[in-house]
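> Next comes the sequence, and after it the predicted model I'd like to discuss.
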Amino acid sequence: MLMTGLFFVAVTAVVKYVGDGLPAAEAAFLRYLLGLVFLIPMIPAMRAVTLTPKLYKIFAFRGVVHSLGVTLWFYSMTKISIAEVTSMNYLNPVYVTLAAALFLGEKLAFRRILAIAAALAGAMIILRPGFRELNSGHFAMIFTAILFAGSYLSAKLTADEVSPSVVVFMLSVTVTIGLAPMAFAVWVTPTLAQLGWMFLLAALATAGHYTMTMAFAAAPLTVTQPVTFVQLVWAVLLGWLVFDEAIDIWVVMGGVIILSAVTFITLREARLKRQRMTPNPHETKV
C-alpha cells in the first residue's frame, strides 16, 4: 500500500505536469488507450468467460460513469492543488456506503452514520464555502467522487460472477470507448513528448492497481486502509516541493478527518463480517 500511494501520487504529478497542454477528455482517453497494451496477458481469461446480458449492461453502465469521472478528475488536477484532489478523493468510500444503503438495501448503523457525517464535515473543512472562493475544479472533484462511487458499486455487482482480470479488462475497454467521442470533440494533436507522458501515466496507474491488488491479497482492508493516509503526505510534499503549492493546513485537516471516518467504516464492516462468520458457542462445530 505504501508503493500504491507512491504510484498514484506519481500519476497525479504527471497529470499536473502536463497541465492544460491537452484537454482533460483527450488526456484521459490517451491514458486508457495506451494502457490497453497492459491488458494483453488478460486475453486468455476473457476468452474463457461467457458474459450474460445482465453483466454487459453493468459493464456498460460502469464504463459510462467511470469515463465521466476520469474526465472530471483530469480536469480537477489542472485547476486545484494535488492535496485537495487527494483529500477529496477519500470521499469515494463514503459515497459508496451511502449508495449501497440507498440502492442495494444495506443497513446503516448509527455509528456508521456518524462516521459519514464526520467525513462530509471533513469535506466542508477542505472546501470552506463562504470563506474562500471555490473554482470549477472543486465542484468537478465532488462529482468525480460520486461518479467513481457508482463505478465501484458496479464493480461490486460483477466481482462475485467473474474474475478480477475480467473486471479490469472490461473497465479499460469500456472506458476507452466511452472517452473516445469526448476526446475527439476537443482533439488537439499531441506531441511525441505528450504521448510519452501519457504512456508513463498508463504504466504508473497499472502498477498502482497491481500493487494495491497485491496488498489486498496479503492483508485485510483493516490493515491496508489506514496506510492510504501516507498518500496524502506524499501529495502534500509533492505539491509543495515540485509545484510550489502552499501547504493548506485546512486541506490536510479535512483529509485526515475524512480518512479517519473511512477507516472507522472499514473497521466496523470487518468486525460485523467476522461476527456473521463466527458460529454461536452453542452451535455444532462439525
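Yep, it's here. Residues are numbered from 1 along each chain as shown.
> Could you pull up the contacting residues of residue 163?
Applying C-beta atoms under 8 Å, 6 or more residues apart in numbering to residue 163 gives the contacts 45, 49. In short, each C-beta sits where N, CA and C put it, glycine included.
> Next one, pLDDT for it please.
Residue 163 is assigned a pLDDT of 75 by the prediction.
> Next, it: phi, psi?
The phi/psi pair for residue 163 (degrees, to the nearest 10) reads phi -70, psi 160.
> All the strands of the chain, residue numbers only.
Listed in chain order, the chain contains no strands at all (DSSP state E).
> what's around the nearest residue to residue 30 once chain neighbours are set aside, how many residues?
What sits nearest to residue 30 in space, not counting adjacent residues and going by C-beta to C-beta, 6 or more residues apart in numbering, is residue 198, at 4.1 Å. Applying other C-beta atoms under 10 Å, we find 25 residues neighbouring residue 198.
> was I right about residue 198 contacting residue 190?
Yes: if you go by C-beta atoms under 8 Å, residue 198 and residue 190 touch, sitting 7.3 Å apart.
> any residues in contact with both of those two?
22, 30.
> What separation do you get for residue 30 and residue 22?
To residue 22, residue 30 is 7 Å away according to C-beta to C-beta, to the nearest Å.
> ah, wrong one, I meant residue 98
From residue 98 to residue 22 the distance is 34 Å (C-beta to C-beta).
> Could I get the full set of helices for the stretch 1-150 of the chain?
2-18, 24-35, 43-48, 53-77, 82-89, 92-103, 110-127, 136-159 (DSSP state H, counting those that start in this stretch).
> of the ones you listed, which approaches residue 239 most closely?
helix 82-89 (4.2 Å; C-beta to C-beta).
> Now do the closest one and helix 53-77, the angle between them.
Per axes from the mean of the first three to the mean of the last three C-alpha atoms, to 10 degrees, the angle that helix 82-89 makes with helix 53-77 is 150 degrees.
> Name the residues that touch helix 82-89?
9, 12-13, 16, 73, 76-77, 122-123, 126, 137-138, 141-142, 144-145, 148, 231-232, 235-236, 238-239, 243, 245, 247-248, 251-252, 254-255, 258.
> Likewise for stretch 9-17?
Under C-beta under 8 Å, 6+ apart, the answer for stretch 9-17 is 27, 74, 77-78, 82, 85-86, 197, 200-201, 204-205, 208, 231, 234-235, 238, 242-243.
> cool, stretch 44-54 as well?
Contacts for stretch 44-54 (C-beta under 8 Å, 6+ apart): 59, 162, 163, 165, 166, 169.
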